[in-house]
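Participant: A structural model of the following input is requested.
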Amino acid sequence: MQLNIAVNGIVTPSLRALFCGVAALSFGLGGCSDPASQPADVVNPIDAQAVDGRADVDSGNVCCPFGTCPNGQSCYGDSCMATPTADGGCYFDGQCPRGATCEGETTCTCGELSCEATAGQCRFPTGCCNSVDECGSGADCVNGSCVNLSALDGNCWSNTQCSGGTVCEGARVCACGDEACEDVPGVCAEPGACCATNQECGVGGSCVEGRCVPAPADGSCWADTDCSGDETCLGEVTCPCVSGAGGEWNCAKLPVAGRCGAAETACCSNDSDCGAGNICLEGRACVPALAPATDTCYLDGQCGAGRVCQGATVCGCNEDGCQGSVVGQCHTPVIKCSGDGECPVATKCTISDRAYCPNGPEANEGICVPLNDEGCYNSSECNPNVRCGAEVICDRAEGCRAPNHPGICDTKVRKWDCCNSHLECGAGLECRNQNTSQTCPPNASAICVPIPVPGESCWNVNDCPQGLACQRTITCGCNARCRYNRIGQCELPTNCQANIDCGTESVCARDAECILSPCSSVSTCPFGGTCQDKVEGFCWNHESCASGEYCEGLKVCPPDTTCPYPNSPGVCQTRAQLGECCTSYKGCVPGLRCTSPGTGTGCTLDTTSVCVPATAIQGTCYGDEDCDRTEFCQGEEVCPCGLEDCEGAPRPGTCAPR
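Facilitator: Numbering: from 1, shown residues only. Here you go, the predicted model:
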């Protein structure tokens, strides 16, 4: 704690010494040292509050409040401990398979002196196995159960049954005692997205140059060995899979199957047969080469795993009546799944972080995405205490133009920053939309905010007990103009931001004219409204009216403001057309604005105000605010409201130097 005592703004040494002595006796503080020896305060990157620049502790075990630790260590609780290297190593039960517990571990707390963390071992209870020695001949111990090796027939239960650098993929061995589960063997496979055998590409898949691709069928091929007789494979495109970078984005050309045929009668065998600027397509047509980075295509294979080509037409050289090939556009369809087996070749089933909702049901419906060696599609592919960010997963029913693409494992999102899922926010935070709803998935306005204390703090009325409303809350959405956020309190209904803050029997009376004015902003206008009883046939805000209407005559005095008029509701009226009278910034149809011909500006409305076009062509104007500060508007023709001898639609003038 740093203590400053000032007289007329100057800290005096004598007062500092006196106060430090009192503080030491009264509060148990260790006194005050010379301020010159203290490092300056810094800004905490997590919550933007000023904190002391010194380390949390001078010695002892390394603390990890932000989840970061030195190489070879991981953050468990609040302390850095050596990452377990042995198979089955653990510090707590959650690191063990279901049914096993962590035994023999020693953990350290943040800053604890003379403590050395020791990893324990996951162990299953009596009646289960914990090592291969406890199983009979020809069996192995996996997940606490003895599994028969002789029945594998080339498959595997664990990595120990694989060789040559391969690992066991797709195996499911039920935890000891789980009678509702059924064991499923896996296959020895190349780690990650690359493949070693056709078997690991699943049904309908084939391993070509280490990459899983659709198996050849109906005369298609990946190599001459896929063809019969004297036929060869024409027009195929392959891309070797590189360990650690198995994604298709490392391919200059995506894999496309060719066609079996006789080379001497085919249109082409490869791109060199088609001349500059052309490519050989399946050996049956020479077509113009595709422009790079445009997601254009002739065949599905040119779009990548799990994507399709739409709108393309391919004219073969021997097809009569064909008028010419037409380039198509790659499209990413949404393929929903509950497991990898439901996804196309070279794709997997992933559950997006956006599907997670606090206190909601467990998400079990995923989306098929390309296999990846690097990056992540959800936070489960990252280390603890970090999140998956910048991933692209199409979840629109109609599909997307952009391909699904993995993101990167990154630090948690800070308080008040934009978020894409609840799992992105740091400890004690959750992702909320600007309208304070806890939507799953969040929309583009969402930011990470503190989780409210039930019955006390709140973001909206749903966070409060029945009969109370959420008062004095302020929420600025993602990239909003305002910068200030404040969590509210559960109280009897008074102040509000939206109808939801006032319960079911009241509405939020809020006059938005100041914020809607072109000459004001959120920072210069009173914020919020007051809860008012509903009045049949009247409106307390513009949002209460139907589409195409606004609340005319509304008068609401903002909270903590003195007004010369009493609060009174308005009446929903149809918005005015071009040239018609208006009394509100909401009073004109979309594409128009309300401005005053009497004052030549839309900053303040009066009895002359009418609707004019919302935007003017550069150099033209309907008022001075359409010109820059060194100009004024001249020659405009705008009939003021109520002037009988003035007719015709508003006509713009021109901006002229003052």
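Participant: now do the strands in the stretch 351-500 of the chain.
Facilitator: 366-370, 387-389, 408-410, 429-432, 447-450, 457-458, 469-471, 488-491, 495-496 (DSSP state E, counting those that start in this stretch).
Participant: weakest of those strands in terms of mean pLDDT?
Facilitator: Of all the strands of the stretch 351-500 of the chain, mean pLDDT reaches its minimum on strand 495-496 (a mean of 74).
Participant: Gly186 reaches Glu169, doesn't it?
Facilitator: Yes. The criterion here is CB atoms under 8 Å, and Gly186 meets it with Glu169 at 5.3 Å. For glycine as for every other residue, the C-beta is placed from the backbone atoms N, C-alpha and C.
Participant: between these two, who's got more neighbours?
Facilitator: The residue with more neighbours, out of Gly186 and Glu169, is Gly186; 22 against 18, by other CB atoms under 10 Å.
Participant: what residues are up against that one?
Facilitator: Contacts for Gly186 (CB atoms under 8 Å, 6 or more residues apart in numbering) come out as Asn155, Cys156, Trp157, Cys168, Glu169, Gly170, Ala171, Arg172.
Participant: count of residues packed around the closest residue to the fifth one other than its chain neighbours?
Facilitator: I take that to be Glu169. Distances taken as CB to CB, 6 or more residues apart in numbering place Ala189 nearest to Glu169, at 4.3 Å, with adjacent residues excluded. Around Ala189 there are 22 other residues, counting by other CB under 10 Å.
Participant: distance check, Ala189 against Cys207.
Facilitator: Going from Ala189 to Cys207 by CB to CB, to the nearest Å gives 9 Å.
Participant: which neighbours do the two share?
Facilitator: Cys195, Ala196, Thr197, Glu200.
Participant: any chance of those in CSV, with distance to Asn130 too?
Facilitator: Formatted as CSV, the shared contacts of Ala189 and Cys207 follow (distance: CB to CB, whole Å):
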residue, distance to Asn130
Cys195, 33
Ala196, 31
Thr197, 32
Glu200, 29
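Participant: what's the ChimeraX syntax to select whichever of these are buried?
Facilitator: Restricted to buried positions by 16 or more other CB atoms under 10 Å, the ChimeraX selection for those reads:
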select :195,196,200
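Participant: and the shared contacts of Ala189 and Cys207, which of them are in helices?
Facilitator: Within these, no residue falls in helices by DSSP state H.
Participant: quick one: which of the shared contacts of Ala189 and Cys207 is nearest Gln466?
Facilitator: Here the nearest of these to Gln466, counting by CB to CB, is Glu200; it sits at 56.3 Å.
Participant: I figured that closest one hits Cys212, correct?
Facilitator: Yes. Contact criterion CB under 8 Å: Glu200 and Cys212 qualify, at 7.5 Å.
Participant: ok, and the most crowded of the contacts of Gly186?
Facilitator: Neighbour max across the contacts of Gly186 (other CB under 10 Å) = Trp157, 25 neighbours.
Participant: and that one, what is it in contact with?
Facilitator: Residues near Trp157 by CB under 8 Å, 6+ apart: Asp140, Val142, Val147, Leu149, Cys168, Ala171, Val173, Asp183, Pro185, Gly186.
Participant: now these in a markdown table, with distance to Gly339, pLDDT and secondary structure?
Facilitator: As requested, the contacts of Trp157 are exported to a markdown table (distance: CB to CB, whole Å; pLDDT from 0 to 100; DSSP: H, G, I helix; E, B strand; the rest coil):
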| residue | distance to Gly339 | pLDDT | secondary structure |
| --- | --- | --- | --- |
| Asp140 | 25 | 85 | strand |
| Val142 | 20 | 85 | strand |
| Val147 | 21 | 84 | strand |
| Leu149 | 25 | 78 | coil |
| Cys168 | 17 | 87 | strand |
| Ala171 | 14 | 83 | coil |
| Val173 | 16 | 83 | coil |
| Asp183 | 16 | 82 | coil |
| Pro185 | 16 | 85 | coil |
| Gly186 | 13 | 85 | strand |
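Participant: can you select the buried ones from these in PyMOL?
Facilitator: Those of the contacts of Trp157 that count as buried under 16+ other CB under 10 Å are selected in PyMOL with:
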select buried, resi 140+142+147+168+171+173+185+186
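Participant: is it possible to get the contacts of Trp157 out as JSON lines so that each row also shows distance to Asn278?
Facilitator: Below are the contacts of Trp157 laid out as JSON lines (distance: CB to CB, whole Å):
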{"residue": "Asp140", "distance to Asn278": "56"}
{"residue": "Val142", "distance to Asn278": "55"}
{"residue": "Val147", "distance to Asn278": "56"}
{"residue": "Leu149", "distance to Asn278": "55"}
{"residue": "Cys168", "distance to Asn278": "46"}
{"residue": "Ala171", "distance to Asn278": "47"}
{"residue": "Val173", "distance to Asn278": "53"}
{"residue": "Asp183", "distance to Asn278": "53"}
{"residue": "Pro185", "distance to Asn278": "48"}
{"residue": "Gly186", "distance to Asn278": "44"}
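Participant: who does Cys490 bridge with?
Facilitator: Bridge pairing for Cys490 (DSSP bridges) gives the partners Cys470.
Participant: quick one on the thing from earlier: which one of the shared contacts of Ala189 and Cys207 is nearest Glu282?
Facilitator: For the shared contacts of Ala189 and Cys207, the closest approach to Glu282 (CB to CB) belongs to Cys195, at 23.5 Å.
Participant: pick out whichever of the contacts of Trp157 sits closest to Gly316.
Facilitator: For the contacts of Trp157, the nearest to Gly316 is Gly186 (42.7 Å; CB to CB).
Participant: could you chop this structure up by domain?
Facilitator: Here the domain parsing of the chain from automatic domain parsing is 6-51, 132-189, 198-331, 493-574, 575-658.
Participant: would you format those as TSV with distance to Thr106 included?
Facilitator: Formatted as TSV, those follow (distance: least, CB to CB, whole Å):
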stretch	distance to Thr106
domain 6-51	30
domain 132-189	24
domain 198-331	35
domain 493-574	50
domain 575-658	66
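Participant: mind checking which of these is nearest Asp410?
Facilitator: Of the domains of the chain, nearest to Asp410 by CB to CB is domain 6-51, at 13.5 Å.
Participant: residues in contact with Pro597?
Facilitator: Pro597 touches Thr608, Ser609, Val610, Val638, Cys639, Pro640, counting by CB under 8 Å, 6+ apart.
Participant: which members of these are the farthest-apart pair?
Facilitator: Across the contacts of Pro597 (CB to CB), the longest gap, 11.4 Å, separates Ser609 and Cys639.
Participant: neighbour-wise, which of those two wins?
Facilitator: The residue with more neighbours, out of Ser609 and Cys639 and counting by other CB under 10 Å, is Ser609; that gives 27 against 19.
Participant: the nearest residue to that one once chain neighbours are set aside: what's it in contact with?
Facilitator: Nearest residue to Ser609 in three dimensions, chain neighbours excluded: Ser596, at 4.7 Å (CB to CB, 6+ apart). In this structure, Ser596 makes contact with Gly602, Thr604, Leu605, Asp606, Thr608, Ser609, Gly623, judged by CB under 8 Å, 6+ apart.
Participant: would you mind giving those as JSON lines with pLDDT added?
Facilitator: Shown next, in JSON lines, are the contacts of Ser596 (pLDDT from 0 to 100):
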{"residue": "Gly602", "pLDDT": "84"}
{"residue": "Thr604", "pLDDT": "83"}
{"residue": "Leu605", "pLDDT": "89"}
{"residue": "Asp606", "pLDDT": "90"}
{"residue": "Thr608", "pLDDT": "92"}
{"residue": "Ser609", "pLDDT": "93"}
{"residue": "Gly623", "pLDDT": "84"}
